[in-house]
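Novice: just coords:
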């Protein structure tokens with residue numbers, strides 16, 4: 001009670017025993033306290049174990065393109081023996097999927113040419129199987145070529161697609177020597193030529 005009503009009360013707030021410690025950072029510790037932005041790009045938690053640097057040699061690219069070309073022709077040759085080039089027995093290559101044994105068929109032709117011709121023939125075979133109960137369309141007739149080109153026109157395909165197909169047939173017949181058509185039989189009728197001309201003018 002005396003303490004409360006004393007006119008000159010003693011200080012009630014205790015004096016701290018320990019003096020405040022001034023925190024100072026030496027120059028050498030600044031880098032640890034405040035991390036500086038890194039110049040190394042951050043790609044995530046797996047950036048240290050995943051190699052983002054994709055280095056393909058020119059030979060690797062050529063091998064990849066060559067395999068892609070052979071894969072394109074594999075289903076064509078698999079459609080039947082009439083689709084095999086003259087002088088080549090591809091039975092083992094087809095049964096065991098040995099693409100390397102098909103390489104000699106194309107000689108020195110570039111992979112891009114092989115892929116382009118193969119794409120046209122493969123589209124023709126896919127169309128043929130939707131129309132007829134047969135796996136292999138070879139040998140073809142001028143009537144069949146006319147029917148397919150007319151189908152391309154009806155589906156709004158360009159004249160370049162039609163020409164690509166006709167060029168692919170010539171590639172099969174004259175370079176690969178496939179059984180494309182009987183000897184001395186013209187595959188491109190006058191009607192087919194007119195269809196291509198009309199589509200080319202659009």
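Specialist: Perfect, I can see it now. Just so you know, these numbers come straight off a predicted model, no measurement behind them.
Novice: shouldn't residue 68 be in contact with residue 116?
Specialist: No: assessed by CB atoms under 8 Å, residue 68 is found out of contact with residue 116, at 11.6 Å. C-beta here means a position set from N, CA and C on the backbone, and glycine is covered the same way.
Novice: ranges for the strands of the protein?
Specialist: Along the chain, counting by DSSP state E, no stretch forms strands.
Novice: Could you list the single helix or strand in it with the lowest mean pLDDT?
Specialist: helix 30-33 (a mean of 51; mean pLDDT, DSSP states H and E).
Novice: center of this protein - which residue?
Specialist: Nearest to the geometric centre of the chain sits residue 68, at 9.3 Å (CA atoms, centre = their mean).
Novice: And the residue nearest to that one when sequence neighbours are not counted, how close does it get to residue 129?
Specialist: Of all residues not flanking residue 68 in the chain, residue 115 sits nearest, at 6.3 Å (CB to CB, 6 or more residues apart in numbering). Relative to residue 129, residue 115 is positioned 21 Å away (CB to CB, to the nearest Å).
Novice: what about residue 128, how many residues close to it?
Specialist: 19 (other CB atoms under 10 Å).
Novice: Verify the stated contact: it with residue 134.
Specialist: Yes: contact criterion CB under 8 Å: residue 128 and residue 134 qualify, at 7.4 Å.
Novice: tally of neighbours for the closest residue to residue 175 other than its chain neighbours?
Specialist: What sits nearest to residue 175 in space, not counting adjacent residues and going by CB to CB, 6+ apart, is residue 109, at 7.4 Å. By the criterion of other CB under 10 Å, residue 109 has 14 neighbours.
Novice: In stretch 89-105, which residues are buried?
Specialist: Neighbour-count burial for stretch 89-105 flags 90, 93, 94, 101, 102, 105 (criterion: 16 or more other CB atoms under 10 Å).
Novice: how about the fourth one, what does it touch?
Specialist: Think residue 101. 90, 92, 93 (CB atoms under 8 Å, 6 or more residues apart in numbering).
Novice: my read: the second one touches residue 98, true?
Specialist: When you say that, I think you mean residue 92. Yes: applying CB under 8 Å, one finds residue 92 in contact with residue 98, separated by 6.7 Å.
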